[in-house]
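Chemist: Provided below for reference: sequence and predicted model.
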Amino acid sequence: MCSPISKLPTPPLQLRLNIDDPLDSTAVHLCSGLVGTLLNGMFANPAYVAQSEGGAAGTCGGFVYANASGGLQLGMQLLGVAVIAAWTAFFSLLIFMPLRHFGFLRVDQATELAGIDNIEHGGNAFALNELSPIGQELNSGRGTGRDIRSGTPY
């Protein structure tokens with residue numbers, strides 16, 4: 001129930017930050033994973049934590065249980081989020097910066113406008129409705145779509 005709610009603010013934020021995420025994987029993996037990880041730190045039952053860790057019951061639990069170490073589990077979850085974020089950022093930069101430097105990260109503008117599926121695979125990725133204006137354009141050979149900003153065919 002919390003995961004779909006955590007996904008809601010992500011698309012406007014992606015638009016504001018100019019993040020191109022057509023599959024919405026940022027919302028699904030980053031936001032929902034972050035919420036789920038932190039909620040474990042909030043609501044972890046001390047008895048279940050002790051059972052999974054082999055420790056004494058009540059030694060560590062979620063923040064809402066408010067025992068002496070109630071914030072410890074939440075702190076550990078926050079530390080885990082920080083370590084995972086640092087790891088991901090480091091290795092992403094290690095991979096993507098050289099790709100960007102050598103020009104392998106993006107396709108040329110003509111390929112982007114024509115649609116990479118058409119160029120690389122010889123067809124559309126999606127079966128467009130033939131009654132839609134874009135589907136009619138594609139079937140007539142007049143163009144491959146419309147410019148998002150101006151609405152003009154290309």
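Modeler: Structure's in. What do you need?
Chemist: outline the domain layout of the protein.
Modeler: Domain segmentation of the chain under automatic domain parsing yields 2-101, 107-154.
Chemist: can you list the helices and strands that whatever helix or strand residue 38 lives in packs against?
Modeler: Assigned by DSSP states H and E, residue 38 falls within helix 32-43. Counting contacts by 3 or more C-beta pairs under 8 Å, 6 or more residues apart in numbering; DSSP states H and E, helix 32-43 packs against helix 2-7, helix 70-101. (Glycine included, C-beta is placed from N, CA and C.)
Chemist: pLDDT (mean, whole number) over that helix?
Modeler: Summarised as a single mean, pLDDT over helix 32-43 is 88.
Chemist: buried residues, it. List them.
Modeler: For helix 32-43, burial by neighbour count (16 or more other C-beta atoms under 10 Å) applies to 32, 38, 39, 40, 41.
Chemist: okay, those residues in TSV with distance to residue 109 next?
Modeler: Below are those laid out as TSV (distance: C-beta to C-beta, whole Å):
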residue	distance to residue 109
32	34
38	41
39	43
40	45
41	46
